[in-house]
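Q: fold the following, please.
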Amino acid sequence: MDHNPPTARASRLAMQRLHHSGARPVKVLLIGDRSHLFSGVDGATVAERAADRMWLATRHGVDLDVLTDLAPVLRAVQGVFHTWRLWRYDVVLVALGDGLAAGHRPRTLSRVGDLLAEVLEDAAAATEVVVVGPPVVPPDRSRHAAAPEDRLRAVVGQLGSVRVRFRAVDRSGDDLARARAWATALGEEVAASVARLDDAPAASTAEALRDRPDAEAPRQHALDELGIVGRAPEPRLDDLVELARAAFGTDAAEINFIDHDRQWKMAVAGAERGENPRAHSFCAFTIQRATPTVVSDATVDPVLRDSPLAQGAHPIRFYAAHPIESTDGYRIGSFCIYDHEPRDARALDLSVLRDLALLAQAEITGADAAPAGAPPAPTAARSA
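A: Numbering: from 1, shown residues only. Okay, the predicted model is just below:
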């Protein structure tokens, strides 16, 4: 399994990212059709309701990536996920809405099987895959014809993997009832998968694979594609770092990006704008892992103490940061807070730091939604 192919890109796939505030976030991929997953009912879409149910069922934070290209993916399934790095996800859900499920033909079902096989090949060894679809009456209403639900169960069974299962969703009731049923089913399946991860060997989990450093070439390409390095200051991002500085009571807060051999400061509160050599950057260490970096006293930290930033008359001592990702999951920078005095890291609420990083990520990528349950992003009062 190639975890960092040198040309890993996935911009051809339409994707949106939803988040829910909370600790120890679970990372989920949901594949389906836009007309189904993003249809609005009573002020919320199926995907948004699903993210809420995942949070309620797991009590974890949620990072939900939603690919809405299922129909074209099924038409050209071979190799479609070659660059998507499915090993990043704790759970993969394939949602077959009423339209697809009602029209299942042998060729379509074969492609669903091929899709599942590709997912299994690239996903982490402990990742579970769930096909979710409604039980429907066969189009010809023949009592001898197998219902699409039975056909899907057969496709899943033919894979011979305990990591793949089928979940039927009740399609009775009005639009709101069906949307709630879908959200509940998706949430319950994620919770069931997450519960089993506790018993899986650590090295086989997506969490362990995510904590590996990204290959540098595609990581830099992901940053270059966004075109953000060197842009003029953006008031909303400056407001976010001011909010972080006030919320945590630190000397400074920054949004930084690691660009080739430098750290470039996109937003700053309590420090000077500009850049630092990458070799000196604390944030260059933050992007080496998926989880937050917290250092109580950098002057005695075995990794950071040799940086010029941890030395001199006003060294950085306390430092905490959460990675900022590109749309396809490359760690391109970080949201950091720091002090010139040491701090007890145990008093830090990392879920708040994650929320602030995700708010910045939403502003930067355009594909991310603000995390549900997080404080609202500040409204910029200054002109750009």
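Q: so the residue nearest to the spatial centre of the chain: helix, strand or coil?
A: Geometric centre of the chain, nearest residue: residue 63, 4.1 Å, by CA atoms, centre = their mean. Using DSSP: H, G, I helix; E, B strand; the rest coil, the structure places residue 63 in strand.
Q: got a list of what it touches?
A: Listed by CB atoms under 8 Å, 6 or more residues apart in numbering, the contact partners of residue 63 are 17, 19, 25-28. Quick note: C-beta positions are derived from backbone N, CA and C, even for glycine.
Q: element containing residue 364, please.
A: helix 350-365 (DSSP states H and E).
Q: all helices for the stretch 101-250 of the chain, in order.
A: Applying DSSP state H, counting those that start in this stretch to the stretch 101-250 of the chain gives helices spanning 106-122, 148-158, 175-197, 206-210, 216-226, 235-248.
Q: from those, which stretch is densest packed?
A: Comparing those by mean neighbour count (mean count of other CB atoms under 10 Å), helix 206-210 comes out on top with a mean of 21.
Q: tell me where the stretch 251-384 of the chain is predicted with low confidence.
A: 375-384 (pLDDT under 70).
Q: at 80 what do you get?
A: Residues of the stretch 251-384 of the chain that meet the criterion pLDDT under 80 lie in 373-384.
Q: least confident of the helices of the stretch 101-250 of the chain, on average?
A: Among the helices of the stretch 101-250 of the chain, helix 148-158 has the lowest mean pLDDT, at a mean of 79.
Q: what ranges do the strands span in the stretch 201-350 of the chain?
A: 252-259, 262-269, 275-277, 293-295, 318-325, 331-339 (DSSP state E, counting those that start in this stretch).
Q: would TSV of those strands with distance to residue 311 and mean neighbour count be doable?
A: Shown next, in TSV, are the strands of the stretch 201-350 of the chain (distance: least, CB to CB, whole Å; neighbours: other CB atoms under 10 Å):
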stretch	distance to residue 311	mean neighbour count
strand 252-259	17	24
strand 262-269	17	21
strand 275-277	13	16
strand 293-295	14	21
strand 318-325	14	25
strand 331-339	14	26
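Q: tell me the domain ranges of the chain?
A: 15-210, 216-365 (automatic domain parsing).
Q: now the end-to-end length of the first one.
A: What that stands for is domain 15-210. 19 Å (CA to CA, to the nearest Å).
Q: try the shortest one
A: Between the opening and closing residues of domain 216-365 lies a distance of 19 Å (CA to CA).
Q: repeat for stretch 300-313
A: 15 Å.
Q: many thanks, we can stop here.
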